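A.B. asks: Would you be able to build a 3D model of this:
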Amino acid sequence: MKKVITAEQAAGLVRSGDVVSISSSSGLGCPDKVLAAIGARFDKEGQPRNLTTLNPIAAGDMYGIKGVDHIAKPGLLSRVLAGSYPSGPSSLPMPAIWQMVVDNQIEAYNIPSGILYDMHRDAAARRPGVLTKVGLGTFVDPQFQGCAMNGAAAANPVVRKESFDGQEWLYFPAIVPDVAIIRATTADEHGNLTYEHEGALLGGLDQALAARNNGGIVIAQVKRVVKEGSLRPHDVHVPRNLVDYIVVDADQWQTTQTPYDPAISGEIAQPLATFEPQAWSAEKVISRRAAMELAHGHAVNLGFGISANVPRILLEEGLHGEVTWAIEQGAVGGMPLLGFAFGCASNADAIMASPNQFTYFQGGGFDVTLLSFLQVDGNGSVNVSKLGAKPYLTAGCGGFVDITAHARRIVFSGFFTAGAKLEVGNGKLTILKEGKTRKFVQSAEHITFSGVVGRQRGQRVTYVTERCVIDLEDDALVVREIAPGIDLQRDVLDQAEIPLRVAKDLRVMNPALFTDAPFGLRLKAEEVRRGTSLPIAKDMRPLDATSSPSVAKEVLVAELHRG
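C.D. replies: Next up, the predicted model:
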């Protein structure tokens, strides 16, 4: 039991100037008690100071698990490299971490989650850093923002372009953590860790390796401690030799707003009849149309927003199990969950470690990704990562950039305008009041997916909205389908800031999509995967860095969590 210490003792181990790696995904797996103790120590002693944190996925949320907000204090925190940040609606106060970002009190970076995990792996193996094509042409690229979220960060770049083997790459030097703070369910007396009550493994193992291999320390927060030798070796995810200290929090929550749900951790299987179908709305129409892009046997990545409802569409249509879902927190198969539990899945076939899942995504091993959009520009580029007017309403890029980098097929879902009053039923769409803010814009505020690079890589990209379906082609965005009941010119072409080409064979979307009853979804025939992966492009043309910021109106932020 020598490794078991209090949270206050753990906080005393963190020194000023340390680089601290935190394993979490919003409220999922967040070592909140340890982070709270570090913040409390600073309030009492003024120590530690000038910490740098590495957060591959957001640490904490805006709904009861403070996470990084415990240490978001001037003097305590000086630099954050995060895949995502706590986010939520404008009705809640801005998190302290975001206030520090906006006020330039810290250097703040938004680095794709998969790349941050890669940086840990390279630090653990004592390699110099990550050489990748993930992020080329996006805000990650130093030709644009270079991951910087504010002026303080822009002055100290974390990424640069390098030429290697005749190709252009992004290079992220590895950053060595002095402390890794991870979380599990159970530790034995020696420090072996199991995750039986967790909704995900996340990246705790890789973060522990990065700290331990470089002379740092590993602190594990757990729910309970058991006798040495009582854990099955196959269940141990992080072994004793990587764990220095254990902090017990018997009351740690499984995820946001969820103290504990055995279906999330796979301890029980949830009956399919208990999953509620998506409520009838224009949003459901979009989910239905996105589902039509899938084929039998597809492996499908799923993102937050409207796309997260597509598994419920397949269930309602009697097609559950015909595709395999994969989400960045690690779940494979089963039924991905919604709302506060997003990132978890019930009845999963497997739960992979997030770094391994991101390797799968970065290499384009899956068939389709279903994601959301906030803005689309004339090049087909998509913004989901930044709104200058209300930055905390977006979490940042998370795994979006990793997922889209080499995906063969991308389906973006969202409303055509923000704030429109819509009516769906009787086989048609009626626009009662047009939205105040356009989402197909001249210039996206942030480029999270580059349509320019997507074209160069031969990616198939579709944008599904409630009123039309648009494809990204070599020289234009092309309207392929329109909803029954709307006027093409008035409701589509005139509501975009950018020119949209109309397909010669323009079709009307299936009226059954607009009727509140199962619509007879038929998935496409299974596609042949062998030899269909995207090549690593060797002839990437220089990108046009002409993007300029646009002002996001308040009504736009209300659409973020709807797609």
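A.B. asks: all contacts plus neighbour counts: C-alpha atoms, from now on.
C.D. replies: Noted.
A.B. asks: from the middle of its chain, how far away would the host helix or strand of residue 355 be?
C.D. replies: In this structure, residue 355 sits in helix 354-362 according to DSSP states H and E. Its chain's average C-alpha position is 12 Å from that of helix 354-362, according to C-alpha atoms, centre = their mean, to the nearest Å.
A.B. asks: for this structure, where's the lowest mean pLDDT among helices and strands?
C.D. replies: Sorting the helices and strands of the chain by mean pLDDT, DSSP states H and E puts helix 554-557 at the bottom, at a mean of 40.
A.B. asks: that older thread, tell me which strands and helices whichever helix or strand comes after the helix holding residue 355 is in contact with?
C.D. replies: Past helix 354-362, further along toward the C-terminus, the next helix or strand under DSSP H and E is strand 368-372. Using 3 or more C-alpha pairs under 8 Å, 6 or more residues apart in numbering; DSSP states H and E, the elements in contact with strand 368-372 are strand 299-302, strand 409-413.
A.B. asks: Columns mean neighbour count on top of these, output as a markdown table?
C.D. replies: Formatted as a markdown table, the entries for the helices and strands packed on strand 368-372 read as follows, by neighbours: other C-alpha atoms under 10 Å:
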| stretch | mean neighbour count |
| --- | --- |
| strand 299-302 | 22 |
| strand 409-413 | 23 |
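A.B. asks: could those be laid out in a markdown table, adding mean pLDDT?
C.D. replies: Shown next, in a markdown table, are the helices and strands packed on strand 368-372 (pLDDT from 0 to 100):
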| stretch | mean pLDDT |
| --- | --- |
| strand 299-302 | 97 |
| strand 409-413 | 98 |
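A.B. asks: could I get those strands as a markdown table with distance to residue 251?
C.D. replies: Formatted as a markdown table, those follow (distance: least, C-alpha to C-alpha, whole Å):
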| stretch | distance to residue 251 |
| --- | --- |
| strand 299-302 | 30 |
| strand 409-413 | 38 |
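A.B. asks: And these: which comes nearest residue 359?
C.D. replies: Between residue 359 and those, the shortest separation by C-alpha to C-alpha is 13.0 Å, and it involves strand 299-302.
A.B. asks: Residues contacting the closest one, please?
C.D. replies: 308, 323, 324, 325, 326, 327, 366, 367, 368, 369, 370, 371 (C-alpha atoms under 8 Å, 6 or more residues apart in numbering).
A.B. asks: okay but the fourth one is in contact with residue 344, surely?
C.D. replies: No - in this structure residue 325 lies outside contact range of residue 344 using C-alpha atoms under 8 Å: 11.3 Å.
A.B. asks: Residue 239 and residue 197: what is the separation?
C.D. replies: Here the criterion is C-alpha to C-alpha, to the nearest Å. By it, residue 239 lies 17 Å from residue 197.
A.B. asks: Compare neighbour counts for these two and give me the winner.
C.D. replies: In this view residue 239 and residue 197 are compared by other C-alpha atoms under 10 Å, and residue 197 has more residues nearby, 21 against 16.
A.B. asks: which element is residue 246 on?
C.D. replies: Under the assignment given by DSSP H and E, the secondary-structure element containing residue 246 is strand 245-248.
A.B. asks: that older thread, CA atoms only for the helix holding residue 355, dumped as PDB, please.
C.D. replies: Coordinates of the C-alpha atoms in helix 354-362 are reproduced here as PDB (Å, rounded to 0.1, in the frame of the first residue of the first chain):
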ATOM      1  CA  SER A 354      -7.600   5.800 -28.200                       C
ATOM      2  CA  PRO A 355      -4.100   6.100 -29.600                       C
ATOM      3  CA  ASN A 356      -4.600   2.800 -31.500                       C
ATOM      4  CA  GLN A 357      -8.000   4.000 -32.700                       C
ATOM      5  CA  PHE A 358      -6.400   7.200 -34.000                       C
ATOM      6  CA  THR A 359      -3.800   5.100 -35.900                       C
ATOM      7  CA  TYR A 360      -6.700   3.400 -37.600                       C
ATOM      8  CA  PHE A 361      -8.300   6.700 -38.400                       C
ATOM      9  CA  GLN A 362      -5.200   8.500 -39.600                       C
END
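A.B. asks: Could I get the buried residue list for it?
C.D. replies: Neighbour-count burial for helix 354-362, with 16 or more other C-alpha atoms under 10 Å as criterion, is recorded at 354, 355, 356, 357, 358, 359, 360, 361, 362.
A.B. asks: go on, stretch 277-292?
C.D. replies: Buried positions in stretch 277-292, judged by neighbour count with 16+ other C-alpha under 10 Å: 281, 282, 283, 284, 285, 286, 287, 288, 289, 290, 291.
A.B. asks: One more: stretch 489-502?
C.D. replies: For stretch 489-502, the neighbour count (16+ other C-alpha under 10 Å) marks 491, 492, 493, 495, 496, 497, 498, 500, 501, 502 as buried.
A.B. asks: what residues are up against the residue most central in space within the chain?
C.D. replies: In the chain, the C-alpha nearest the mean C-alpha coordinate belongs to residue 398, at 3.5 Å (C-alpha atoms, centre = their mean). For residue 398, the contacting residues are 56, 57, 83, 84, 111, 112, 113, by C-alpha under 8 Å, 6+ apart.
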